[in-house]
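> Turn this into a model:
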Amino acid sequence: MQKNRFKKFLSHASLISILSVVALGVLMPLLWMLLTSIKQSSDVFSMPLRWIPWVDFMPTLEPYKQVWTQIAFARYFFNSLFIALAVMIGQVFTSSLAAYAFARLKFPGRDKIFLAYLGTLMVPGVVTVIPVYILMRELHWIDTYQALIVPAMFSAYGTFLLRQFFLSIPHEMEEAARIDGCNAFDVYRWIVVPLSLPAMSALAIFTFVGNWRSFMWPLIVTNSSAHYTLPVGLAAFRTLEGGVNWPVLMAGSMLMTLPMVIIFLFGQRYFIEGVRIGGVKG
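Numbers count the residues shown, from 1 in each chain. Alright, predicted model coming up:
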């Protein structure tokens with residue numbers, strides 16, 4: 001008995017050790033970014049590397065002050081926040097409407113249309129970049145907020161996620177609402193949406209985080225720095241003449257990461273809810 005317990009303890013200890021090494025490997029770049037953001041430029045690439053503040057180097061918050069003056073950080077931050085919030089609201093609204101139609105309404109070819117719509121998830125995003133760009137150009141939306149927001153407001157994954165949750169809502173509640181005189185939209189507004197707040201919150205978080213860190217599409221459709229998002233603005237800062245000021249760049253990266261960390265800390269249960277709903281078969 002004690003031998004089995006010892007083997008079980010060793011297996012658990014080995015698993016914890018492996019997970020600790022993996023976690024350390026994941027956190028190392030973030031730690032390096034944090035330490036670089038509080039260093040002087042001369043301390044960044046000094047050898048051997050300096051890791052311990054107040055012992056190996058003297059920390060400073062000057063890079064966090066300079067990031068607001070050397071680049072248009074406030075403008076980039078506003079653009080990222082505005083675009084991420086607009087896409088989040090739009091995608092939750094459009095996905096919930098489509099999911100309600102596919103889950104609760106009956107019309108010819110509903111399931112086939114849904115499967116075709118779901119099939120778009122198998123198409124790599126880079127394949128549609130050129131057609132969407134041409135469409136934005138024909139609409140004269142290049143270098144505008146519309147080009148950054150409208151194409152991202154529609155999501156097959158969001159529709160699938162919410163449809164799976166809508167299927168779990170009892171039909172008796174919908175029938176009772178229709179007896180009381182509610183039409184299809186009233187059922188969606190007063191019954192389905194209030195009961196689906198956990199799933200819609202999960203989709204909102206996924207959408208916000210995905211658009212907050214989006215880089216390729218904003219880089220393609222923006223020409224002026226007035227419409228740069230944070231990822232594009234920080235990347236443009238690297239190309240400025242005079243070399244890269246790594247502490248300032250890392251300070252901007254840390255400030256960009258902070259909202260996602262806060263969202264993750266306060267929205268962990270919604271992340272888990274989204275994974276759970278996505279794995280339920282309708």
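> Give me the three-state assignment for Pro247.
With DSSP: H, G, I helix; E, B strand; the rest coil as the basis, Pro247 sits in helix.
> Just give the closest residue to it, not the sequence neighbours.
In this structure, Pro247 finds its nearest non-sequential neighbour in Pro63, 3.8 Å apart by CB to CB, 6 or more residues apart in numbering. For the C-beta atoms, the positions are set from N, CA and C on the backbone; glycine is no exception.
> Quick check, pLDDT for Gly25.
pLDDT, Gly25: 84.
> Kindly provide the distance from it to Leu19.
According to CB to CB, to the nearest Å, Gly25 stands 11 Å off from Leu19.
> Make sure Ser253 is actually in contact with Leu234.
Yes. Ser253 lies in contact with Leu234 (CB atoms under 8 Å); the separation is 6.3 Å.
> These two: which is more packed in?
More neighbours surround Leu234 than the other of Ser253 and Leu234, with 22 against 19 (other CB atoms under 10 Å).
> Who are the contact partners of that one?
By CB atoms under 8 Å, 6 or more residues apart in numbering, Leu234 lies in contact with 71, 76, 249, 252-253, 256.
> among those residues, who's most crowded?
Gly252 leads the contacts of Leu234 on contacts (other CB under 10 Å) with 26 neighbours.
> in which helix or strand would I find the closest residue to that one other than its chain neighbours?
Spatial nearest neighbour of Gly252, chain neighbours left out: Val67 (4.6 Å); criterion: CB to CB, 6+ apart. Val67 is part of helix 62-70 when elements are defined by DSSP states H and E.
> in that helix, what counts as buried?
Using 16 or more other CB atoms under 10 Å as the test for burial, helix 62-70 gives 63-64, 66-67, 70.
> Tell me which other helices or strands the longest helix along the chain touches.
As assigned by DSSP state H, the longest helix anywhere in the chain is helix 2-36. If you count contacts as 3 or more CB pairs under 8 Å, 6 or more residues apart in numbering; DSSP states H and E, helix 2-36 packs onto helix 246-266.
> quick one: average confidence on the helix it packs on?
88.
> State the distance from Gln146 to Ala236.
22 Å.
> okay, Leu139: pLDDT?
Reading off the model, Leu139 has pLDDT 95.
> show me what contacts it?
Here Leu139 is in contact with Gln146 (CB under 8 Å, 6+ apart).
> which phi and psi does it have?
Main-chain torsions, Leu139, degrees, to the nearest 10: phi -90, psi 0.
> Distance check, it against Val132.
Distance from Leu139 to Val132, counting by CB to CB: 11 Å.
> before we move on, the earlier item: what pLDDT does the model give the residue nearest to Pro247?
Looking at Pro63, its pLDDT reads 91.
> just Arg276 next, same as before
We have a pLDDT of 59 for Arg276.
> What of the one 4 residues further on?
On pLDDT, Val280 comes in at 47.
> Same check on Phe6?
57.
> thinking Met256 is in contact with Pro231, fair?
Yes. Counting by CB under 8 Å, Pro231 is a contact partner of Met256 at 7.4 Å.
> Which residues are in contact with each of these two?
Ser80.
> Touching, Ala74 and Trp68? I think so.
Yes. Here Ala74 reaches Trp68: they are 6.5 Å apart, a contact under CB under 8 Å.
> ok, back up a step: which of the buried residues of helix 62-70 sits closest to Gln164?
Within those, the smallest distance to Gln164 is 41.9 Å, found for Val67 (CB to CB).
> ranges for the helices of the stretch 51-200 of the chain?
For the stretch 51-200 of the chain, the helices defined by DSSP state H, counting those that start in this stretch cover 62-70, 73-104, 110-119, 129-138, 145-149, 156-166, 171-179, 184-187, 193-195, 197-212.
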